[in-house]
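In: Any chance you can model this:
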Amino acid sequence: MAKSELKNIFLSASIPLPERDAKYYETADVIAIRDAVLALCTSVLPNYRLVWGGHPSITPLINYVLLKLNMDIQDHVLLYQSKFFEEYYPEDNDKFKNIIQTPISGGRETSLRLMRELMFGDKKFEAGIFIGGMEGIEQEYSMFKEFHPKAITIPLASTGAAAKMIYDNNINMNERFLHDYAFSSVFQDFLIDKL
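Out: Modelled structure (predicted):
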């Protein structure tokens with residue numbers, strides 16, 4: 001019997017930097033961001049493929065979970081990385097077998113947009129999870145909705161920052177995304193049970 005294709009889950013997350021934009025940093029809950037990423041990875045990696053655009057605050061967390069799970073599931077992760085940031089890649093990038101490096105396209109913003117277009121256009125996604133973050137998370141949310149309008153979206157407003165802004169700007173969002181810090185339970189109820 002042929003092995004079934006893994007369903008793709010998109011993760012958009014980062015830890016806001018104080019020197020960038022105060023509106024993200026002021027509401028960010030760094031511990032909640034970390035805990036949410038760890039809970040998501042633990043919940044989805046054994047049975048699904050996690051896809052994300054590399055970020056130096058998130059990629060090491062995903063690598064950490066892979067090591068702790070002690071399972072040979074490299075095909076359950078897919079890291080997209082723009083070559084624009086090649087000199088800033090975290091060492092943890094070397095731990096992943098499945099990395100798609102996207103070409104430089106002009107400057108920073110156009111290179112990121114190209115990476116996101118390739119990432120969202122190359123795969124069918126069942127869900128998108130949005131945790132903490134800055135303007136990139138807001139941009140990825142908009143693009144994700146455009147490319148995958150029927151996919152589940154979970155902006156974890158309890159992590160603050162951009163995820164909270166996404167939550168606040170959308171109607172019909174579940175209040176658990178705002179108040180619930182039992183992230184594994186949230187992912188079970190609103191992601192795993194729905195797939």
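
In: can you map out the helices along this structure?
Out: All helices of the chain, identified by DSSP state H, fall at 22-25, 30-44, 59-69, 108-122, 135-147, 161-168, 176-179, 183-190.

In: mind saving the C-alpha coords of the last one as CSV?
Out: Listed next in CSV are the C-alpha coordinates belonging to helix 183-190 (Å, rounded to 0.1, in the frame of the first residue of the first chain):
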residue,chain,number,x,y,z
PHE,A,183,-2.0,25.5,23.2
SER,A,184,-1.9,21.8,22.8
SER,A,185,-5.7,21.6,23.6
VAL,A,186,-6.4,24.5,21.2
PHE,A,187,-4.5,22.7,18.4
GLN,A,188,-6.3,19.5,19.2
ASP,A,189,-9.8,21.1,19.1
PHE,A,190,-9.4,23.5,16.2
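
In: and it, average pLDDT?
Out: Rounded to a whole number, the mean pLDDT of helix 183-190 is 97.

In: what comes up buried for it?
Out: By 16 or more other Cβ atoms under 10 Å, the buried positions in helix 183-190 come out as 183, 186-187, 190. Every residue, glycine included, has its C-beta placed from N, CA and C.

In: Over to the fourth one?
Out: Residues of helix 108-122 classed as buried: 111-112, 114-116, 119-120 (neighbour count, 16+ other Cβ under 10 Å).

In: In TSV: these, plus distance to Gly160 and pLDDT.
Out: TSV is the format used below for the buried residues of helix 108-122 (distance: Cβ to Cβ, whole Å; pLDDT from 0 to 100):
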residue	distance to Gly160	pLDDT
Ser111	27	96
Leu112	22	96
Leu114	29	97
Met115	25	97
Arg116	22	97
Met119	24	97
Phe120	25	98
